[in-house]
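**Q** Predicted model follows, preceded by the sequence.
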Amino acid sequence: MGAGHSHGAPAGHAGGRYRTRLAACFGLVAAFFVIELIAGVISGSLALISDAGHMAADVVALGAALVATKIASRPDSTGRRTYGSYRAEVFASGLTVLIMLGVSAYVVAEAIGRIGEEPEVQTGAMLVVGLIGLVVNIVSMLLLRLGAAESLNVRGAYFEVVSDAAGSVGVIIAGLLVAATGNGVWDTIVALGIGIFVAVRAIILGRQVLTVLGQHIPEGMRLDEVVADLEAVAGVADIHDLHIWTLTSGMNVATAHLVVDEGVNPQTVLVAAQHALAERHHIEHATLQVEAVKGVRCHELGW
């Protein structure tokens with residue numbers, strides 16, 4: 001029997017590298033939330049109020065993302081968290097999903113409650129605030145775009161900002177339609193559209209969060225390809241109990257039992273298998289157990 005541990009060469013904690021950008025987005029969004037909420041109440045626009053509610057969700061989500069990146073990169077002092085605190089980012093993304101769904105439900109309920117009414121809406125405030133919000137969200141999107149491709153936590157914040165940008169566009173469209181027709185119902189219709197759009201984005205992100213928490217194989221990775229690459233390692237006769245999952249964004253983990261041919265050097269097999277997993281599949285940490293074809297072998301689990 002032999003055991004090997006593979007440590008890849010990650011370029012640092014994915015979410016932690018974008019903490020400064022998250023902080024900048026947090027400041028922008030928090031400042032604009034106050035402006036939009038006041039403008040929404042004064043103008044009577046449900047579209048503005050709904051978008052302000054979404055901005056409030058952004059403030060909470062971005063704040064949670066910032067805290068999560070700090071926790072995730074902090075060393076464990078308890079001795080109990082053998083995987084560290086990296087999953088804090090995933091939980092923060094889950095919180096973002098719940099917030100987005102809550103905001104969506106509120107907006108849709110308010111929009112349905114206004115059916116049959118013709119509310120008076122001040123379109124000037126809607127247009128000005130909508131334009132400012134669009135600029136704020138575009139800047140935030142540019143700040144988070146790169147991080148969204150690497151970190152689930154940053155991706156959650158990015159999705160929030162994208163949803164807000166769509167909300168700002170909706171506010172502008174609603175303002176133009178109300179100004180052109182004199183009918184405040186367009187404000188309600190656009191608010192309903194914003195609520196539905198936010199819900200769809202939340203469901204997409206929620207599925208990604210559940211995939212990580214459910215320890216599914218990482219997105220874009222094929223189990224049969226990993227098996228084939230390990231079987232191609234010289235000296236490997238069989239593979240069983242292979243498990244692959246994502247610990248947090250950019251950190252893939254695997255465990256496997258390798259059955260090796262008689263007379264093969266186990267250490268040579270371990271090094272080759274570690275190299276195959278790290279180089280071809282970006283698995284940063286693999287725990288591999290080597291078993292001989294003849295002799296004592298472990299009982300294969302039926303997972």
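**A** Right, received. Where do you want to start? Numbers count the residues shown, from 1 in each chain.
**Q** Grab the nearest non-local neighbour of Ala64.
**A** Ala92 (4.4 Å; Cβ to Cβ, 6 or more residues apart in numbering). Any C-beta I mention is one placed from the backbone N, CA and C, and that applies to glycine too.
**Q** Confirm for me that that neighbour is in contact with Leu62.
**A** No: between Ala92 and Leu62 there is no contact under Cβ atoms under 8 Å: 9.8 Å.
**Q** would you list every one of the helices in the stretch 1-150 of the chain?
**A** Along the stretch 1-150 of the chain, the segments classed as helices by DSSP state H, counting those that start in this stretch run 19-43, 46-72, 88-113, 123-148.
**Q** wait, which of those is closest to Ala237?
**A** Taking Cβ to Cβ, helix 88-113 is the member of those nearest to Ala237, at 36.7 Å.
**Q** one step back: quickly compare the helices of the stretch 1-150 of the chain and say which is most buried.
**A** helix 46-72 (a mean of 24; mean count of other Cβ atoms under 10 Å).
**Q** the inter-axis angle of that one versus helix 19-43?
**A** Between helix 46-72 and helix 19-43, the angle comes out at 160 degrees (axes from the mean of the first three to the mean of the last three Cα atoms, to 10 degrees).
**Q** which one's the longest strand in the protein?
**A** As assigned by DSSP state E, the longest strand anywhere in the chain is strand 236-248.
**Q** How far does it sit from its chain's centre?
**A** Here strand 236-248 is found 24 Å from its chain centre; the criterion is Cα atoms, centre = their mean, to the nearest Å.
**Q** Any regions of the stretch 151-300 of the chain where pLDDT drops low?
**A** For the stretch 151-300 of the chain, applying pLDDT under 70 flags the ranges 152-153, 294-300.
**Q** So Met126 sits against Leu177, correct?
**A** No: checked against Cβ under 8 Å, the pair Met126 and Leu177 is beyond contact range at 10.2 Å.
**Q** What is the longest strand of the chain packed up against?
**A** helix 185-213, helix 223-231, strand 251-260 (3 or more Cβ pairs under 8 Å, 6 or more residues apart in numbering; DSSP states H and E).
**Q** list the buried ones in it?
**A** Buried residues in strand 236-248, counted by 16 or more other Cβ atoms under 10 Å: 236, 239-240, 242, 244-248.
**Q** Leaving out chain neighbours, which residue sits closest to Gly235?
**A** That would be Val264: by Cβ to Cβ, 6+ apart, it lies 3.7 Å from Gly235.
**Q** and that neighbour, how many neighbours?
**A** As a burial measure, Val264 scores 16 neighbours (other Cβ atoms under 10 Å).
**Q** With Ala256 as the reference, measure out to it.
**A** Distance of Val264 to Ala256, computed by Cβ to Cβ, to the nearest Å: 16 Å.
**Q** cool, and Val29?
**A** Using Cβ to Cβ, Val29 is found at 44 Å from Ala256.
**Q** And for Phe26?
**A** 41 Å.
**Q** picking that back up, please tabulate the buried residues of strand 236-248 in TSV, including the columns distance to Ile283.
**A** Listed next are the buried residues of strand 236-248 as TSV, based on distance: Cβ to Cβ, whole Å:
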residue	distance to Ile283
Val236	16
Ile239	14
His240	17
Leu242	11
Ile244	7
Trp245	10
Thr246	10
Leu247	11
Thr248	14
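**Q** Nearest to Gly53 among those?
**A** Nearest to Gly53, judged by Cβ to Cβ, of the buried residues of strand 236-248 is Thr248 at 29.1 Å.
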